[in-house]
Structures are given as C-alpha cells and as structure tokens.
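Asker: Need coordinates for the following:
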Amino acid sequence: MKPTLRAGIVLGLAVIAWMFIFGFAGWYKDPAMVPIWYVVILIQAGVIAWGLTLTKAEGKRYGGQLMAGTLISVYGGLIIIFGSLLFTMVVFPDALDVAREMQAEQLLKMGMNVEQIEAAQEGSFMLTPAGNAIVGFVATVITGFILSLILAAIIRKKD
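Answerer: Predicted coordinates for the structure are as follows:
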C-alpha cells in the first residue's frame, strides 16, 4: 500500500475516533468544551508528519512532499465524510440541533434579534449532515495543505 494512502486511512480513522470520543464525552453539548475539538489539528499534524517521513524515504523533494501531505488529507477527508454522516445521522442525531442552539445563543449575545438569527440559520448548509460532512472534508484538505507546507520543509531539513 502506498504511504500516502496508508497515512490517509490512519488520518481518517484517527479523526473519526476523536469525533466519537468528543461525542460520547458529551463535549459537543458544552460551549466551554467545543474548542477542544481542535485537538483534531494536532492529530492531523502528527499523521501528516509520519506520512511525510514515509514519503521522504521514497526520495520525494519538497513539492512531492507537499503533494503527498495534501493527498493524505484528501484520502483522510473522504473517510471522515462517512464518519461525520454516521455521527450526525445515526449515533448523535441531535448534534446539529445542539450546534444550531449554541450558534443562536452566540448571535443573541452579539445583538442579533430572533428573526435575524432564524434567517441566518435557515439557509445554513453547514447545519445539515451532508453540509457538515462536506465542510469537514474541505477543512481537512485546506488544513492538510497548510500543515504540509510547514511540515515538508521541516522534514526535508532533517537530513
């Protein structure tokens, strides 16, 4: 199996595992705990760094490493889509309703009235299971590209 595919599978499964830890701990219901979700970036950084050490052994230069890290994120992101749908549609079907309520509370604190909040949330693609999954995929790929820009340079310097 190619190192990028292997690392992508590990990334997808690791993020899904974190997603379900986050869910079963009930953190998605607590506004104070929601920021802990971003541990996912550390998970992604670790997996990409591992994957790039594997591709470095194949002789990839910086551009190849950048592409490899991004591809790891694409593979992982595709797996994450399915985990996200399972999370929001089957295991925690209330998760997006909770997110909608927390968003409404924040918008109220910012001075928006109920009608404005309802209008803002009415067309919110991200507050649907498919929208949330697609946004997760896109965020994974963008974050992976940015992390790869940095990690590829660091890993290349370790010669």
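Asker: Report pLDDT for Val10.
Answerer: For Val10, the model assigns a pLDDT of 99.
Asker: Which strand or helix spans it?
Answerer: If you go by DSSP states H and E, Val10 is part of helix 3-24.
Asker: and whatever helix or strand comes next after that helix, how far from the chain's centre?
Answerer: Moving toward the C-terminus from helix 3-24, the next helix or strand (DSSP H and E) is helix 39-56. Centroid separation between helix 39-56 and its chain, computed with Cα atoms, centre = their mean, to the nearest Å, is 13 Å.
Asker: the longest helix in this structure is where?
Answerer: helix 129-157 (DSSP state H).
Asker: hey, which helix or strand in this protein has the poorest pLDDT?
Answerer: helix 114-122 (a mean of 72; mean pLDDT, DSSP states H and E).
Asker: Let me see the contact set for Lys56.
Answerer: Each residue near Lys56 by Cβ atoms under 8 Å, 6 or more residues apart in numbering is listed here: Gln65, Ile155, Arg156. Placement of C-beta: from N, CA and C, glycine included.
Asker: Serialize those residues to JSON lines and add fields for neighbour count and pLDDT.
Answerer: Output for these, formatted as JSON lines (neighbours: other Cβ atoms under 10 Å; pLDDT from 0 to 100):
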{"residue": "Gln65", "neighbour count": "25", "pLDDT": "96"}
{"residue": "Ile155", "neighbour count": "21", "pLDDT": "90"}
{"residue": "Arg156", "neighbour count": "14", "pLDDT": "80"}
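Asker: Go through those and name the one nearest Val138.
Answerer: Distance to Val138 across the contacts of Lys56 (Cβ to Cβ) is lowest for Gln65, with 21.8 Å.
Asker: count of neighbours near the closest residue to that closest one other than its chain neighbours?
Answerer: With Cβ to Cβ, 6 or more residues apart in numbering as the criterion, Gln65 has its nearest non-adjacent residue at 3.6 Å, and that residue is Ala152. Per other Cβ atoms under 10 Å, the neighbour tally for Ala152 reads 26.
Asker: Look up how far Leu151 lies from Ile134.
Answerer: 25 Å (Cβ to Cβ, to the nearest Å).
Asker: Ser148 reaches Gly64, doesn't it?
Answerer: No. The criterion here is Cβ atoms under 8 Å, and Ser148 misses it with Gly64 at 10.7 Å.
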